[in-house]
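Student: need a 3D model of the sequence below.
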Amino acid sequence: MSANPAAITGDSWSADRRELLRWTTMLAAASGVGLSGAHAQSRGESKPEATASAVRSGSDLRRRTLGFMLAHEQFPVPQLVEIGAHASRSGFQLLATSDHFQPWQANQGHAGEAWVTLGALGAQAPRSWMGTTVTCPTLRYNPAVVAETFATLSNLYPGRIFLGVGSGEALNEQAATGEWPEWPERWERLVEAIDVIRQLWAGQPVSHNGKYYTVDAKLYDPPARPIPLLTAANGKKSMRLAGQHGDGLITDPASWQQHKSEWQEGARSAGKNPSDMPVLVEHYVVVGDETEAKRAAELWRFGPKAFKSYYNIADPAHIQQRAEAEIPLEQVIKSWAVGTDPQIHIAAIQKLFDSGATIVNVHSGQPDQKKVIDFYASHVLPKIAMAD
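Tutor: Have a look, this model is predicted:
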């Protein structure tokens, strides 16, 4: 199989990718992805021929799902595995992991390997869909290695793995490799990397001689199930490109609100229906008062400028210094759902679902993650399930 890297301004939506979406729909229906997971089947027991009867329509990809963010920046891997397992048992249907070489801010204190976390977590969270938000498959990782890793995870946990990809940050890519190209090249690399990953996942010999990557190989253990590949974006141009090249979107609430139409047009330009594609939005919460919110915000202070300027800084200590000088804590928490009244949290999630998001990925920066999970399990998840 040979392929040239797709042009950064366009892509075609092949029959193979339509088939992947069909299978993703099937798997979502069969594995119970969504808020009605109490009746979900065991993933390890499902077979392609058995899931065929569960197919409904592309709209199953749009089922409302609550995820929980496992922040490698803030917690060590053994603790993240415990947190993820508890979140899964408590009813969160998706577990997302950040994938960093360094934290965004030095005071966050951690940066364990996300793929190791997923491998360890899968056996302890058998009811949850798992993946990265996001992996950069272009510099720190070679796309062929990314393809192999997520195929292996899929073989361990069939029908439960997704891959989120993005164009990276200097604190990871430049810090680990010394390379940090300009934005157009980073997206060219990402588009080509996506192509390489998809070719390898097909399990056939691949002969790819592209602008940035040369691969002459095959995966001898391709994925057990099709792996949805979601593309991250936080700006107008990247939102359109994400729509063109991804199976779904990973973004933040402000970018979704401002540039939703760009993503939709990008998807349509590639022959896809955005209504059939998942949209994961990261949603910050604090179960507590404003004092607790500000304490959490000290670790996530960079957020308002993360993808405006800080992504170009390779040193977490420098990012922290800039954030503390430039961003008041009040600005950080103003868009967060803060409080112990369940209705505050329910209303914020409902608003995101009403905007077209299909996956709301709950992220709390407070140290007591169990407190957040237990609050949501008791007071929020049941209400959202009834509202759907």
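Student: can you tell me the SS state at L163?
Tutor: strand (DSSP: H, G, I helix; E, B strand; the rest coil).
Student: and it, how many residues sit next to it?
Tutor: 28 (other Cβ atoms under 10 Å). C-beta here means a position set from N, CA and C on the backbone, and glycine is covered the same way.
Student: thought it was touching T132?
Tutor: Yes. Counting by Cβ atoms under 8 Å, L163 touches T132, with 6.5 Å between them.
Student: tell me the pLDDT of D315.
Tutor: Note for D315: predicted pLDDT of 98.
Student: tally of neighbours for it?
Tutor: 15.
Student: centre of the chain to the longest helix belonging to the chain, how far?
Tutor: Using DSSP state H to define each element, the chain has its longest helix at helix 183-201. Relative to its parent chain, helix 183-201 has a centroid offset of 17 Å by Cα atoms, centre = their mean, to the nearest Å.
Student: just after that helix, pick out the following helix or strand.
Tutor: Next along the chain after helix 183-201, taking DSSP states H and E as the criterion, comes strand 206-209.
Student: the helix or strand following that following strand pairs with which strands?
Tutor: Per DSSP H and E, the first helix or strand lying C-terminal to strand 206-209 is strand 214-217. Looking at strand 214-217 with DSSP bridges, its partner strands are strand 206-209 (antiparallel).
Student: could you report the separation of the nearest residue to Q124 once chain neighbours are set aside from K371?
Tutor: Nearest non-adjacent residue to Q124, counting by Cβ to Cβ, 6 or more residues apart in numbering: A85, 3.9 Å away. For A85, the distance to K371 equals 16 Å [Cβ to Cβ, to the nearest Å].
Student: more neighbours: those two, which one.
Tutor: Set A85 next to K371 and count neighbours by other Cβ under 10 Å: A85 wins out with 19 against 14.
Student: ok, residues contacting the helix or strand where the more buried one lies?
Tutor: Using DSSP H and E, A85 maps to helix 77-89. The contact list for helix 77-89 (Cβ atoms under 8 Å, 6 or more residues apart in numbering) reads 68, 70-72, 75, 95, 97, 112-113, 116-117, 120-121, 124-128, 130, 369-370, 373.
Student: from those, which land in strands?
Tutor: Assigned to strands by DSSP state E, the following of the contacts of helix 77-89 qualify: F68, L70, L95, T97, M130.
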